[in-house]
Every structure is written in C-alpha cells, then in structure tokens.
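*Asks:* Could you look at this predicted model? Sequence included:
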Amino acid sequence: MESVTAGLAGTAFALFGAALLVWTGARTIRRAPVALGVSPVASTALATLFGALLLTLGVWFLTHV
C-alpha cells in the first residue's frame, strides 16, 4: 500500500518540479518576470531552486517504489 502512495507522490512532485523548471526557463528566455513585484534575480533563483528540489524529490520517491 505504501508503494502506491510513494508512486503517486513521486509522480506529482516530479511533474510539478519539471513544469516549474520549464515555465521558469520560458519566462527567463522571454525576459519576462517570473513573479510580479519581486526582484527578478531572486524570483528566478528561488523558482529554479524549488523546481530542481521538487523534481529530485519526485525522482527519489519513484526510485523507492
């Protein structure tokens, strides 16, 4: 039963992390702000950090299924 939960969580984390990285990259290439009202460098760095962290966590969950 825990393998189903880990698989679901791993898939959700991996998809969200990958989508966040793709979205941040697309916004950066277009020189558009990642978040309004925040420093462009800080918001890009934070979004990239969380995207990579969530993708890594999702892959880790999926390898332990």
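*Replies:* In hand now; what should we look at? Since this is a predicted model, take the numbers as computed values, not measurements. Residues are numbered from 1 along each chain as shown.
*Asks:* Where do the helices of this protein begin and end?
*Replies:* Taking DSSP state H as the test, the helices found in the chain are 2-29, 40-63.
*Asks:* Please convert these to a markdown table, extending it with mean neighbour count and mean pLDDT.
*Replies:* Where C-beta positions appear, they are placed from N, C-alpha and C, glycine not excepted. What follows is the helices of the chain, written out as a markdown table (neighbours: other C-beta atoms under 10 Å; pLDDT from 0 to 100):
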| stretch | mean neighbour count | mean pLDDT |
| --- | --- | --- |
| helix 2-29 | 14 | 93 |
| helix 40-63 | 15 | 95 |
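*Asks:* Next one, pLDDT for the nearest residue to Ser3 once chain neighbours are set aside please.
*Replies:* Ranked by C-beta to C-beta, 6 or more residues apart in numbering and with sequence neighbours excluded, the top spatial neighbour of Ser3 is Val65, at 4.9 Å. Per-residue pLDDT puts Val65 at 77.
*Asks:* ok, now Met1?
*Replies:* pLDDT recorded at Met1 is 56.
*Asks:* Same check on Val34?
*Replies:* 90.
*Asks:* shouldn't it be in contact with Ala47?
*Replies:* Yes: at 5.3 Å, Val34 and Ala47 qualify as touching, with contact defined as C-beta atoms under 8 Å.
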